[in-house]
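[1] let me see the structure of the following:
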Amino acid sequence: MNRPIRRLAVAFMVLFFALLANANYIQVFQAPDYNDNTDNTRVLLDEYARQRGPILVGQPPDQIEVARSVETTDDLVYLRKYAKPALYGHITGYYSYTLGPNAIESAYNSILAGTDDGFFVRRVVDLVTNRQPKGGSVKLSIDPRAQQAAFDGLEGKTGSVVAIEPATGKILAMVNRPGYDPNRLSSHDAGKISDAWAELNDDQTDPLENRATQRRYPPGSTFKLVTSAAALSSGSYTPETNVPAPAELDLPQTTKNMTNWQDGLCDSGDEITLQRALETSCNTAYADLALKLGDEALREQAEKFGFGAAHLSDLRGVSSVFPEEVDKPQTALSAIGQYDVAATPLQMAMVTAGIANGGTVMKPYVVSELTGPDLNSLDETEPEVLSEAVSPQVAEQLKQMMVGVVENGTGSPVKMGVPVAGKTGTAQTTPDRPPFAWFVSFAPADNPSVAVAVVIEKADVGRSEISGGRLAAPIAKDVMEAVIE
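    Below you'll find the model as predicted:
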């Protein structure tokens, strides 16, 4: 063989082995990426050809499938259907032919589609027996009674409700209004999906947004719980410590004064106890307290409760914020949940649950168990400690202060047959829109089984009637009663 032919042969051999290596690399190492790509039509058609597993809520015999797949006569074979879509749509998300999966449908797609590595043996058996593969199930932690109570309470309002089991971090309720119907996005008609998608995105009320995990609000006076925690944890304060509470507080470095939300609220004698300051939601007392504690103490305390970190990634949760750089007047405003302090309803529910749980904040979760097509458990969520926000002693002091808010202060509308701990909040926004009404609480106060955060963005009432006690507290009460009864 002459030299040119040898060179050509070597070149072809190199090209052959390169092609072989590339094919193996794609099939072995890049296959998962291609399989997970929503633009891969072959994978999508293959998924639609098998029965997708259900998303479940509740306990047998009352367990319901809030998402299930039904057989059709078209090429996609199975159609995703959602029961009570307005009630659970923000949690389940949608499984769309053109848009792909969203929320729980996306986070647990491999389980629901039956493609997870944990189903390998099952897939081999199905292949050998020529049996059509099926997906696994996702069980939500939601308490249907609490979910319904939250949904009913938000009727005619724009807002969000989150309820947590303090000892575990289990999400018992998560409701947003307005909502949307995921059935419209899970159609097999691409044109109808496109029209529905455009309509929902053009809607100024943002019905697609899971406000509970994705929207940050100024928490208003509910943030005074964090400020109280910082003060009590410093060792310099107790609930009975007297603190300045003037009618107006001079904000340093400015020509402005801070006032209270109601004239004559907490200026009797110019001093009140920290306990009474929380009961009456005294702005000037908490602003003065913050100036003495400093912004770093408030920031560290907020982060111990979960600020600065995203939670519930399966629902695309965003982090809550305590601003990084603040001067003295901004620190004073931050102490009462204003300026650039911003929190999701989930975060404020976590703050409340942490106090209820003796100072320990548990990692929140909305999926309690994953099961295979044969109903055998694949994974069950175990409670996990997220942080130690305050000591048990401080948590007990905060609890008693919050009980005082309900018994003797602004939280009286939430009184019920068991002791309740709570805190109201009314957060100012912009001059052209009404304030946000907040209420956070837990019950029973002596043995908490549920912690709730409610925020109302908009309600059909006059501006003067907007307050956490009037608008949000009755909803929190209904949710707590649904869990306790």
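[2] identify the residues contacting the most centrally placed residue in the chain.
    With distances taken as C-alpha atoms, centre = their mean, residue 213 lies nearest the centre of the chain, 3.3 Å away. The contact partners of residue 213, taken as C-beta atoms under 8 Å, 6 or more residues apart in numbering, are 174, 311-312, 315-318, 344, 346. C-beta here means a position set from N, CA and C on the backbone, and glycine is covered the same way.
[3] helix or strand for it, which one?
    Assessed by DSSP states H and E, residue 213 sits inside helix 211-214.
[4] before we move on, what about residue 68?
    Residue-wise, residue 68 maps onto strand 64-71 under DSSP H and E.
[5] and that strand, which residues are buried?
    Buried residues in strand 64-71, counted by 16 or more other C-beta atoms under 10 Å: 65-69.
[6] contacts for the helix or strand following that strand next, please.
    As assigned by DSSP H and E, the chain's next helix or strand after strand 64-71 is strand 78-82. With C-beta under 8 Å, 6+ apart as the test, strand 78-82 has contacts from 48-52, 66-72, 88-89, 92, 94-95, 105, 181-183, 186-188.
[7] what's the answer for stretch 475-485, then?
    143, 145-146, 148-150, 152-154, 161, 163, 172-173, 413-414, 416, 418, 420, 422, 439-444, 449-450, 452-454.
[8] what's the average pLDDT for the helix or strand harbouring residue 289?
    For residue 289, the element it lies in under DSSP H and E is helix 283-293. Here helix 283-293 scores 95 as its mean pLDDT.
[9] buried set for the helix or strand following that helix?
    The first helix or strand that comes after helix 283-293 along the chain, using DSSP H and E, is helix 295-305. Within helix 295-305, the residues that count as buried by 16+ other C-beta under 10 Å are 295, 297-299, 301-305.
[10] name the helices or strands packed onto helix 295-305?
    Counting contacts by 3 or more C-beta pairs under 8 Å, 6 or more residues apart in numbering; DSSP states H and E, helix 295-305 is packed against helix 224-233, helix 328-335, helix 345-356, strand 385-388.
[11] let's see 10 Å
    helix 224-233, helix 283-293, helix 328-335, helix 345-356, strand 385-388 (3 or more C-beta pairs under 10 Å, 6 or more residues apart in numbering; DSSP states H and E).
[12] which of the ones you listed sits closest to residue 99?
    Shortest distance between residue 99 and the helices and strands packed on helix 295-305, using C-beta to C-beta, is found for helix 345-356: 24.6 Å.
[13] re the thing from before, and the contacts of stretch 475-485, which of them are in strands?
    Using DSSP state E, the subset of these located in strands is 161, 163, 172-173, 422, 439-443, 450, 452-454.
[14] quickly list the domain ranges of the protein.
    3-36, 213-367+384-484 (automatic domain parsing).
[15] CSV for the ones you listed, including distance to residue 193?
    Converted to CSV, the domains of the chain look like this (distance: least, C-beta to C-beta, whole Å):
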stretch, distance to residue 193
domain 3-36, 21
domain 213-367+384-484, 20
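[16] tell me which of those domains sits most buried.
    Ranked by mean neighbour count, the domains of the chain are led by domain 213-367+384-484 with a mean of 21 (mean count of other C-beta atoms under 10 Å).
[17] how far does that one sit from the chain's center?
    17 Å (C-alpha atoms, centre = their mean, to the nearest Å).
[18] what's the span of that domain from first residue to last?
    Domain 213-367+384-484 stretches 24 Å from its first residue to its last (C-alpha to C-alpha, to the nearest Å).
[19] which residues does residue 325 contact?
    295, 340 (C-beta atoms under 10 Å, 6 or more residues apart in numbering).
[20] does it count as helix, strand or coil?
    coil (DSSP: H, G, I helix; E, B strand; the rest coil).
[21] number the residues from 47 up from this point.
    Got it, first residue is 47 now, which makes that one residue 371.
[22] how close does it sit to residue 342?
    Using C-beta to C-beta, to the nearest Å, residue 371 is found at 11 Å from residue 342.
[23] what does residue 531 give?
    On the measure of C-beta to C-beta, residue 531 and residue 342 end up 44 Å apart.
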